[in-house]
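Q: the following block contains a protein sequence and its predicted model.
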Amino acid sequence: MLESCQNAQERWGGVHLLIDRWLQERSELIRAFDELGKTSEGRADTRADLQKFCEILVDYVSAGHFEVYEQLTNEAKAFGDERGLELADQIHPRIKVITEFSLAFNDHCDKGDCSDAPKLASELKKLGGLLHERFELEDCLIEVLHTSHKALVEAAEA
């Protein structure tokens, strides 16, 4: 019984901590994005703020694809959550499109092509809308693939 409890905690407690760290990184991404808004108003160093934002952006989208989504999917599979897995299959393609746009934005800025303020403002506006959509999709995945199993995890720990 104790071993079962430890296994559940090791397995799913780690997912919870991973999600917490990832959501903290999301908050950092949003703050960095907001700083870029101040930059466009002439209140900050554009290049430094843009570089910081791009670093956080790449870390965030990479963590989503290479850590969080995989763990959420594994959890759903372990609980036999076919509905959750089907939803994930529907959501992942849209998240992938947003990831590709985000990485292209980063690559574009790495080449130094973000110095045109009007064009940068337009791209940031588009990216902001896509990130907002992504956050909503990710929240849905967390709710369906992780939070919905919370009671089962707690029962396994008891």
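A: Here it is on my side, so go on.

Q: C-alpha only now, for contacts and for neighbours.
A: Fine.

Q: after the helix or strand of the chain with the lowest mean pLDDT comes which helix or strand?
A: Here the helix or strand of the chain ranked lowest by mean pLDDT, DSSP states H and E is helix 2-8, holding a mean of 35. Heading C-terminal from helix 2-8, the first helix or strand you meet, by DSSP states H and E, is helix 14-40.

Q: looking at the helix or strand just after that following helix now, give me its mean pLDDT.
A: Counting by DSSP H and E, the element after helix 14-40 in chain order, helix or strand, is helix 46-63. Mean pLDDT, computed over helix 46-63, is 91.

Q: find the nearest non-adjacent residue to the residue nearest the centre of the chain, please.
A: The residue lying closest to the centre of the chain (C-alpha atoms, centre = their mean) is G64, at 4.7 Å. Counting by C-alpha to C-alpha, 6 or more residues apart in numbering, G64 lies nearest to W22, which is 7.7 Å off, once chain neighbours are set aside.

Q: same deal with E25?
A: Y60 (6.4 Å).

Q: now do the contacts for the one you found.
A: Neighbouring residues of Y60 by C-alpha atoms under 8 Å, 6 or more residues apart in numbering: W22, E25, R26, L29.

Q: what mean pLDDT does the helix or strand containing D107 get?
A: D107 is part of helix 82-110 when elements are defined by DSSP H and E. Taken as a whole, helix 82-110 carries a mean pLDDT of 93.

Q: now do it against helix 46-63, angle only.
A: 150 degrees (axes from the mean of the first three to the mean of the last three C-alpha atoms, to 10 degrees).

Q: assign D113 to helix, strand or coil.
A: Following DSSP: H, G, I helix; E, B strand; the rest coil, we place D113 in the coil state.
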